[in-house]
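>>> sequence plus the predicted model coming up.
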Amino acid sequence: MRTILITGCSSGFGLETARFFLDRNWSVVATMRTPRPDILPASDRLRVLPLDVTEADSIAAAVGAAGPIDVLVNNAGVGLLNALEGVTPDRAYEVFATNTLGTIAVTRAVLPQFRERRAGVIVNVTSAVTLRPLPFLSVYTASKAAVNAFTEALAVELEPFGVRTRLVIPGRAPDTAFGENARARMGMDIPEAYADRAATLFAEMRRSTEPLTRPLDVAAAIWRAATDPACPMRLPAGADAEAWAAAA
């Protein structure tokens, strides 16, 4: 039985991915900052572990408790919507600490077992905003674009050891808790010079009829990345992400 470790499973893409792999008879290690086993179906193939990807001790404890795994999915992330002038250094650091440095740190912790076995898959979840630049997302986009570059360079580094790395690039999914968290971080601190433009943009987004990304789209893309060695490096997930990728 194959085992997958997924970060950020408390909601959205991570939660759906854990369900998806459980349904396909995988052993799942679902991690989250505050474990909530009740949100996933009871199974003897499921373990729910605490993991804060910004804390080295937490990473070491979770990886140690998980034991041997076949696939790592770095999904944990935080959002941020604001003009750059409204982003404090602490907010910017928080976004990079989770989205970028957290992905690197968890990967580094898991990598020795993959290298020694000469097998394993690392799937990093980023964002379609790296394909189509948008205003008020500069810091968030930078944190995810860094993961894109990290993943592609790491693929070359690990190829001699039989370890694969892949990118899953979701589009916009406003019905997830991630979107709510991003709006919460935006708060009311958009600088006055940008306020009118921001209000117009957010109103247009609410009225948009563009197809969006469902958590199931992302789970299916992660499944392909984990199980199909011939799949491309970058897998857009969701109708909007696929359209943006085709136009890029």
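Cool, got the structure.
>>> wait, isn't Met32 in contact with Cys9?
Yes. Using C-beta atoms under 8 Å, Met32 is in contact with Cys9, at 5.0 Å. Just so you know, the C-beta spots here come from the backbone N, C-alpha and C atoms, and that holds for glycine as well.
>>> elements contacting the longest helix seen in the chain?
When the chain is parsed with DSSP state H, its longest helix is helix 138-158. Counting contacts by 3 or more C-beta pairs under 8 Å, 6 or more residues apart in numbering; DSSP states H and E, helix 138-158 packs against helix 89-96, helix 102-117, strand 120-125, strand 163-170.
>>> ok, now how distant is Thr3 from Asp90?
36 Å (C-beta to C-beta, to the nearest Å).
>>> name the residue in these two with the higher neighbour count.
The neighbour count for Thr3 versus Asp90, taken as other C-beta atoms under 10 Å, is higher for Thr3 (17 against 7).
>>> let me see the confidence value for the closest residue to the more buried one other than its chain neighbours.
Leaving aside its sequence neighbours, Thr3 sits nearest to Ser27 (C-beta to C-beta, 6 or more residues apart in numbering; 4.1 Å). We have a pLDDT of 98 for Ser27.
>>> overlap in contacts, Met32 and Cys9.
Taking C-beta atoms under 8 Å, 6 or more residues apart in numbering as the criterion, Met32 and Cys9 both touch Val48.
>>> out of those two, which sits in the busier spot?
Neighbours per residue (other C-beta under 10 Å) separate Met32 from Cys9, with Cys9 holding more: 29 against 23.
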